[in-house]
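In: sequence and predicted structure, then a few things I'm wondering about:
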Amino acid sequence: VQLVESGGGMVQPGGSLRLSCAASGFTFSSYDMSWVRQAPGKGPEWVSGINTSGAYTYYADSVKGRFTISRDNAKDTLYLQMNNLKPEDTALYYCVRAPPHAAVASTRYWGQGTQVIVSS
């Protein structure tokens, strides 16, 4: 299982970023996927999840209405569109091969992470 995140960076409050996660080593279309983030000095926090087909999406209350998760099974890629970013969104974002309820615990199936910094 290999998950490679990209798209992180530094952005001002109110800005946007789009994270991508390239998956390989498994049948991507057969697995629910999630995003988890970890802010400095804090524990991991589940952010969003999506089912195998992309028909069902789930969000933490902290990001609902601002973030959008999606997937392209033809490209084996997971996305997270992040709009109206806030300083509290600053964290290392991980792509996870797991459904929402298991994402935080499934550290074996986390990528290496991509850093998002929201600061003026």
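Out: Noted; the coordinates are in hand.
In: for the spatially most central residue of the chain, what is the enclosing helix or strand?
Out: Nearest to the geometric centre of the chain sits residue 35, at 2.9 Å (CA atoms, centre = their mean). Using DSSP states H and E, residue 35 sits in strand 33-38.
In: just residue 78 next, same as before
Out: Per DSSP H and E: strand 77-82 holds residue 78.
In: which residues does whatever helix or strand comes next after that strand contact?
Out: Using DSSP H and E, the helix or strand that follows strand 77-82 towards the C-terminus is strand 91-96. With contacts defined as CB atoms under 8 Å, 6 or more residues apart in numbering, strand 91-96 is touched by 3-5, 8, 19, 21, 23, 33-40, 44-45, 47, 78, 80, 103, 106, 109-116. In this view, the C-beta of every residue, glycine as well, is placed from N, C-alpha and C.
In: switch the cut-off to 7 Å
Out: Residues from elsewhere that reach strand 91-96, judged by CB atoms under 7 Å, 6 or more residues apart in numbering: 3, 5, 8, 19, 21, 33-39, 78, 103, 106, 109-111, 113-116.
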